[in-house]
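Undergrad: quick one, structure for this:
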Amino acid sequence: MCLFSSMAARPGKSLSGTQRQKGTAAILWALGTVWVAVLLARGVEGADLPLKCEDLRVGQYPEAVRTQNICDDPKIDNDTQEPVNCTDHTAYVACHPAPNITCKDFSGNETQFTGKEIGFYRPIECRNVNGYSYKVAVALSLFLGWLGADRFYLGYPALGLLKFCTVGFCGIGSLIDFILISMQIVGPSDGSSYIIDYYGARLTRLIITNETFRKPQIYP
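TA: As a prediction, the model looks like this:
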């Protein structure tokens, strides 16, 4: 009797464990189904959101316009030779998405473009000028540098007076100033830039700091 009772109890325990495993599997399957449904819903929701026009990539434009510049050339001020409305070293030019492109324009409206509407404004770099002409500074340094006219023009009256009294440091100082001004190393005293033709020859000063990335040299 004791042996029969023990054997009768074991099938009951085995059946209970099987039921628990089935219940756990059902819960995990339900959770997995919900998780997949949430991911699919997010994917559909993200696909429905229109792309901002400034986030468009070159590959999203048709072949006919892929190699063309979709942004207008900046309008140049004749007096400053810098883009119009240059503020804090930044100006903006209008950009036109390619035809049949749908995206959100600069005002947040979803628009299908024909190639003529303005989609966004792209920031471009510009310089701060304050009326000092590069051509005038070089001419003064070349012809009247021995009188200190170049230093007076750029806002260095003390050096200009010293050059005037010493005849340009006997010509040596005039030669050095002419080289420095021609190479745009010496500029206006207020820290502004020279007025130079926008599409003319300009020098870009490269500065290396501790944050500059230095590519390691590999020697053979």
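
Undergrad: quick check: buried residues in the helix or strand harbouring residue 168?
TA: Residue 168 belongs to helix 167-170 when assigned by DSSP states H and E. Within helix 167-170, the residues that count as buried by 16 or more other CB atoms under 10 Å are 168, 169. Backbone N, C-alpha and C define where each C-beta goes, glycine included.

Undergrad: and the next helix or strand past it?
TA: Next along from helix 167-170, by DSSP H and E: helix 172-182.

Undergrad: verify the stated contact: residue 186 with residue 153.
TA: No: using CB atoms under 8 Å, residue 186 makes no contact with residue 153, being 11.3 Å away.

Undergrad: ok so, going back, CA atoms of the helix holding residue 168 as CSV?
TA: The C-alpha coordinates for helix 167-170 follow below in CSV (Å, rounded to 0.1, in the frame of the first residue of the first chain):
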residue,chain,number,x,y,z
VAL,A,167,61.9,107.1,-41.5
GLY,A,168,60.5,103.6,-41.3
PHE,A,169,63.3,102.5,-39.0
CYS,A,170,65.7,103.4,-41.8
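
Undergrad: for the residue nearest to residue 51 when sequence neighbours are not counted, give me its contacts.
TA: Nearest non-adjacent residue to residue 51, counting by CB to CB, 6 or more residues apart in numbering: residue 103, 4.9 Å away. Residues in contact with residue 103 (CB atoms under 8 Å, 6 or more residues apart in numbering) are 50, 51, 52, 53, 55, 56, 97, 110, 111, 113, 119.
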